[in-house]
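Participant: What follows is a predicted protein model with its sequence.
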Amino acid sequence: MNKITVIGSISTDLVVETSQLPKIGETIEGDAMTMSFGGKGANQAVAAARLDANVAMVGTVGLDDFGGQLIANLESNRILTEGVKRVTHSSGTAIIQLYNNDNSIIYVPGANNAITTADIDAVSETLLSSELVLIQNEIPQAVVEYVIEFCHQHKIQIVLNPAPARPIKAEHLEMLDYLTPNETEYEVIFPGQVMSETLAAYPNKLIVTHGAEGVYYHDGTQVVNVAGYKVEQVVDTTGAGDCFNGALSTAIVSGLNLKAAIQFANLAASISIQKLGAQTGSPSLAEIKDSEHYETKWDIEQ
């Protein structure tokens, strides 16, 4: 399968499960605590690699023990890590509260904020050998913009998952191939704009995920709603969006049309939320093919 390069955050997730949320100044007893690997960039890289995509990772981790573990985890998922640089900052960390089958997150970027445009120049050959670059907003905005400009100049497909949300310059919107906000991120990027009109302004580019409502995009003729897949039990929604983006990118480089790519990504995300963990929840290609919803016409190869 063709190469996907993911540029983004690589972090450690500290996950606390709780049956109640503390008030300010209050101490409560949680139900469980686990440590796992995360960072939106790493999550999306793992999601694509689990689907047998050829994935390279670009990012920064600390010289601490966490940094070594984060690189080893990527490599255990068959992800190329030559583009992962170690820096003197502490490795990135996310504190995740799981409550009532949903999550709230405090993200401490640490080493993820140390990546520079010079680091992107250093991996230019990796980018040039890629069919698609996938990037998010858990790294400095200047680096994100630099990558968008580089990919546009060299005609490399680029997907921006704008999380956490921040405004995007009009010229960079035009350079993107795909933009994948959720409904909350959409409001930050396009404040006060009617979604149907904005989708029509960016046909086959703007892909808005909308929870239980599914995914919306404009196919050049009309707004299309791609329904999600219902699941019997939601275990953990952490990383569902990352799984969607990794799977979407995999489907795109596999040659699926946009609607089929979104359907494939929806299926991957629906499987991921039935398991615990942002990365451990991401399904393998075999798991997706075993689903009753998998369509053989997608022809995703292992």
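Facilitator: Alright, I've got the coordinates. Numbers count the residues shown, from 1 in each chain.
Participant: Same question for stretch 94-114: list its buried residues.
Facilitator: Ala94, Ile96, Gln97, Leu98, Asn103, Tyr107, Pro109, Gly110, Ala111, Asn112, Asn113, Ala114 (16 or more other CB atoms under 10 Å). No exception for glycine: its C-beta is placed from N, CA and C like everyone else's.
Participant: In CSV, list those along with distance to Leu206.
Facilitator: Shown next, in CSV, are the buried residues of stretch 94-114 (distance: CB to CB, whole Å):
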residue, distance to Leu206
Ala94, 27
Ile96, 28
Gln97, 31
Leu98, 30
Asn103, 25
Tyr107, 25
Pro109, 26
Gly110, 31
Ala111, 31
Asn112, 26
Asn113, 28
Ala114, 31
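Participant: Please, where are all the helices along the chain?
Facilitator: 40-50, 65-76, 117-122, 124-128, 141-153, 170-175, 183-189, 195-201, 240-253, 258-272, 285-290 (DSSP state H).
Participant: quick check, nearest of the buried residues of stretch 94-114 to Glu26?
Facilitator: The shortest gap between Glu26 and any of the buried residues of stretch 94-114 belongs to Gln97, at 13.6 Å (CB to CB).
Participant: Nearest spatial neighbour of the closest one, chain-adjacent residues omitted?
Facilitator: Excluding its sequence neighbours, the residue lying closest to Gln97 (CB to CB, 6 or more residues apart in numbering) is Ser104, at 4.9 Å.
Participant: And the one you found, how far from Ala278?
Facilitator: 14 Å (CB to CB, to the nearest Å).
Participant: same check, this time on Gln44
Facilitator: To Ala278, Gln44 is 10 Å away according to CB to CB.
Participant: For the helices of the chain, could you give me JSON lines that also reports distance to Asn225, mean pLDDT and mean neighbour count?
Facilitator: JSON lines is the format used below for the helices of the chain (distance: least, CB to CB, whole Å; pLDDT from 0 to 100; neighbours: other CB atoms under 10 Å):
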{"stretch": "helix 40-50", "distance to Asn225": "23", "mean pLDDT": "97", "mean neighbour count": "31"}
{"stretch": "helix 65-76", "distance to Asn225": "35", "mean pLDDT": "97", "mean neighbour count": "18"}
{"stretch": "helix 117-122", "distance to Asn225": "36", "mean pLDDT": "98", "mean neighbour count": "15"}
{"stretch": "helix 124-128", "distance to Asn225": "34", "mean pLDDT": "96", "mean neighbour count": "15"}
{"stretch": "helix 141-153", "distance to Asn225": "28", "mean pLDDT": "98", "mean neighbour count": "18"}
{"stretch": "helix 170-175", "distance to Asn225": "22", "mean pLDDT": "97", "mean neighbour count": "13"}
{"stretch": "helix 183-189", "distance to Asn225": "13", "mean pLDDT": "96", "mean neighbour count": "16"}
{"stretch": "helix 195-201", "distance to Asn225": "10", "mean pLDDT": "97", "mean neighbour count": "15"}
{"stretch": "helix 240-253", "distance to Asn225": "15", "mean pLDDT": "96", "mean neighbour count": "28"}
{"stretch": "helix 258-272", "distance to Asn225": "10", "mean pLDDT": "95", "mean neighbour count": "24"}
{"stretch": "helix 285-290", "distance to Asn225": "22", "mean pLDDT": "92", "mean neighbour count": "15"}
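Participant: Which residues are in contact with the nearest residue to Val215 once chain neighbours are set aside?
Facilitator: Nearest residue to Val215, sequence neighbours excluded (CB to CB, 6+ apart): Val226, at 4.5 Å. Val226 makes contact with Gly214, Val215, Tyr216, Tyr217, Lys259, Ile262, Gln263, Asn266, according to CB atoms under 8 Å, 6 or more residues apart in numbering.
Participant: Of all pairs in these, which one spans the longest distance?
Facilitator: The largest separation in the contacts of Val226, counting by CB to CB, is between Tyr216 and Gln263 at 13.4 Å.
Participant: Next, count neighbours for Leu21.
Facilitator: For Leu21, the neighbour count with other CB atoms under 10 Å is 11.
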